[in-house]
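Peer 1: mind folding the following:
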Amino acid sequence: MASLLEQLPKIVADGKREAERIMERLESSYRIGLQTRELVIPSRDSNWQDMFAKAQKASHDLNPTNMNRLIYGDNLLAMAALLAGNEQMPSLRGKVDLIYIDPPFDSKADYRTKINFPGCDVEQKPTAIEQFAYSDTWVNGTASYLEMMVPKFILMREMLSPKGSVYVHLDYHVSHYAKIILDDIYGQDNLVNEIVWQRKAAQAWSSDRFGITNDYLLFYSKTGDHIFNPNYSKNDPDTKKYILERFVNDDGDGRLYMKSPLINPQPRPTLRYEFMGVLPPPNGWLYSKVRMQSLYDKNELVMPKKVGGRIYRKIFLDEYKGQMIQNIWTDIPIVNPMAKERVDYDTQKPEKLLERIVNTSTQEGSIVADFFSGSGTTAAVAERLNRQWVACDLGKPSCMIARKRLIDQDAKPFLYQHVGDYQVEMARSTMGRKFRTGDLAEIVLGLFGALPLPAEENPNRNMGRVSHTKTLVLADSPNKITGLTTLKRAIEIRDNLMGGWDKIVVLGWNFDSNIGHDIQALNQGDRLEVLVIPPDLLDRLKKKGDKLKAEEVRFSSLQYVKLKPVIRQKENGKEGLTVEIDNYVLLSPDALNLDEANRQKLQKVINKDPMALIEYWSVDPDYDGQLFRSVWQDYRGNTENDDDRYRVVTVARLTDLPPKTGPRRVCVRVVDVFGFEAEAIAEVA
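Peer 2: Below you'll find the model as predicted:
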């Protein structure tokens, strides 16, 4: 087998071809889009002030063109959508000043998720999607990792502005291979720095090697003409020692200063002049005669006390910025377990690290992007430093953490988006460019255990039957929303298809937000069943193909949320709403990647305290059926309203709403601890 070094030319060539295909599609009629799931106006529930009223009064810019974006989905597809743009949101090609990415690189990391409940913890194994996103243990190891990264490096370069830079954060496993690839894509001359970040002072003792305490950041510019704002440090031990040794002079006014030579490092004949009777150094003075006179007038020069002596400039300690930061960073430790910024995310990076990067390579108003956003540190820092930002991650837990983190810091309104047609794109990636939805439907039916119906009764190849029963199965398309229309059609097929059928099962990928209410309203009992196709099925097919067995795939029931009657009141010429969750039903625990012991623990929580499953919920008091405008939020960890870290409040009180004639359409969205979403809509007279 060829060595990894021998494989690199092919890896780069294949990655470039894939990037070219993506770029070609940006110009075609079919473009990948982003679906806005939520317009988040940060306004967390609080016991000390009316956050909703505050949000209403604030002069927020709600123009989507100018809004920051948190995106859930595959970052390659997200980048393609951002490059394509649309009528509401122009393309980001050539507009991003900084891209920072911290892609996965620790092959030994344990990516299981521990979920805390009152009285117990449940440990969830990663889904196939998350395994691909967060570890580099692929079939071909590092080669597969690099194959995954090459087209992303290329699309990122397309997004950078002429003054833009990219920072790629890696460790010793792959940094040297990535550097070769980045040299090829960005140009060897555009490598600005290889930065060594000492993230911890010491490692556990080892008898056979030195401790590994650092990561690497490969810093490239797009054109060589990049934004660069030097950073300075006054607090590291070396600078403190430097200050004690150098700032020892005092004019008698209490201001300490050090003496700095005024010798030009290069020969400058134009700066060879006599100043105040003092002859110039061989190369000339550091400044012009006008500047020298200005410094003298402000008492910022130390004049010689004898003939032949030098002139020095006074560098005052109270004006001293510190030593300019070099490419070895030893002054930023990892996030302390007790730190306020800690969000209990394994790969969380310290805010000071991102502050340095953002301050160095952007200006106020610059666009900053992070396509492996993890816990959302880049977005949080960019928000605080008044930069625009785009953050993307394939892990739902990371997007939930980032959303809560931004709400916690009272960020400006931002969009929470999904990659449109994600399952269709994954199907094309899995099954090739000749993919047809009928091909996928046949595979789904087979994994469910259904036999396809004859072609004359099944032209779309999406209908099957369960052997030795009178049960039909309909596999819906991944580029469709399964809703009331689909359910009515399924019932009609069940009742009219020749042969006589007792039941129909509908298998869907994406569901209308009102699907739970529609199922209840149809009142079909056990003659209609709606199940969820595992969201990571296509990733598993890509890995296992024909070897994926039916018993490995679990089709689960829908989760749903039930509300108590919403109370609408008039209050001093305005309106108020009281919205209360009555119950939350999680989809079957069998759909989750749990071992038997953890599945039993979860079942006890479901039976005893289903509300403890809710991670986040939000309210739109005037839902238009298209864009969910979240103007009230509560979530686990928000202890402003109570002291319970593991539960949300179940009652939302919204006050000072503008009065409205006619009914209000109130929408509630719930996200549980596993990342599943459910909605409930109430028409309130």
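Peer 1: which helix runs longest in the chain?
Peer 2: Once the chain is assigned using DSSP state H, the helix that runs over the most residues is helix 4-26.
Peer 1: what mean pLDDT would you report for whichever helix or strand comes after that one?
Peer 2: Sequence order places strand 34-40 as the next helix or strand after helix 4-26, per DSSP states H and E. What strand 34-40 shows for mean pLDDT is 89.
Peer 1: then stretch 150-168?
Peer 2: Averaging pLDDT along stretch 150-168 yields 97.
Peer 1: pull up the distance across it, start to finish.
Peer 2: This stretch, stretch 150-168, spans 12 Å end to end (CA to CA, to the nearest Å).
Peer 1: quick one, strands of the stretch 351-500 of the chain?
Peer 2: Using DSSP state E, counting those that start in this stretch, the strands of the stretch 351-500 of the chain run over 367-370, 388-393, 414-419, 450-452, 463-466, 471-475, 481-482.
Peer 1: for residue 144, which of those is the nearest?
Peer 2: Of all those, strand 388-393 sits nearest to residue 144, with 19.7 Å by CB to CB. (Glycine included, C-beta is placed from N, CA and C.)
Peer 1: that closest one pairs with which strands, and in what direction?
Peer 2: The strands beside strand 388-393 in its sheet (DSSP bridges) come out as strand 68-72 (parallel), strand 367-370 (parallel).
Peer 1: which residues sit in contact with residue 453?
Peer 2: Listed by CB atoms under 8 Å, 6 or more residues apart in numbering, the contact partners of residue 453 are 463, 464, 465.
Peer 1: for the closest residue in space to the first one that isn't next to it in sequence, give me the pLDDT.
Peer 2: Translated: residue 463. Leaving aside its chain neighbours, residue 463 sits nearest to residue 453 (4.7 Å; criterion: CB to CB, 6 or more residues apart in numbering). Note on residue 453: pLDDT of 93.
Peer 1: then residue 104?
Peer 2: Residue 104 is given a pLDDT of 79.
Peer 1: report the buried residues of whatever helix or strand residue 598 lives in.
Peer 2: In the assignment (DSSP H and E), residue 598 maps to helix 596-608. Across helix 596-608, burial judged by 16 or more other CB atoms under 10 Å covers 598, 601, 602, 605, 606.
Peer 1: now the residue nearest to the first one when sequence neighbours are not counted: which helix or strand?
Peer 2: Nearest-residue entry for residue 598: residue 122, 5.0 Å, with adjacent residues in sequence omitted and distances by CB to CB, 6+ apart. With the criterion set as DSSP H and E, the secondary-structure element containing residue 122 is strand 120-124.
Peer 1: so that strand versus helix 596-608, what angle?
Peer 2: If you take axes from the mean of the first three to the mean of the last three CA atoms, to 10 degrees, strand 120-124 sits at 130 degrees to helix 596-608.
Peer 1: so how far is strand 120-124 off the chain centroid?
Peer 2: Offset of strand 120-124 from its chain centre (CA atoms, centre = their mean, to the nearest Å): 24 Å.
Peer 1: quick one: buried residues of it?
Peer 2: If you call a residue buried by 16+ other CB under 10 Å, then strand 120-124 has these buried ones: 122, 124.
Peer 1: please name the strands paired to it in the sheet, noting orientation.
Peer 2: Using DSSP bridges, the strands paired with strand 120-124 are strand 113-117 (antiparallel).
Peer 1: contacts only, for residue 659.
Peer 2: Applying CB under 8 Å, 6+ apart to residue 659 gives the contacts 570, 573, 574, 575.
Peer 1: among the residues you listed, which lie within helices?
Peer 2: Among those, no member falls in helices (criterion: DSSP H).
Peer 1: quickly check those for the two that are furthest apart.
Peer 2: Greatest spatial distance among the contacts of residue 659 (CB to CB): 573 and 575, at 9.0 Å.
Peer 1: this completes my enquiry, with thanks.
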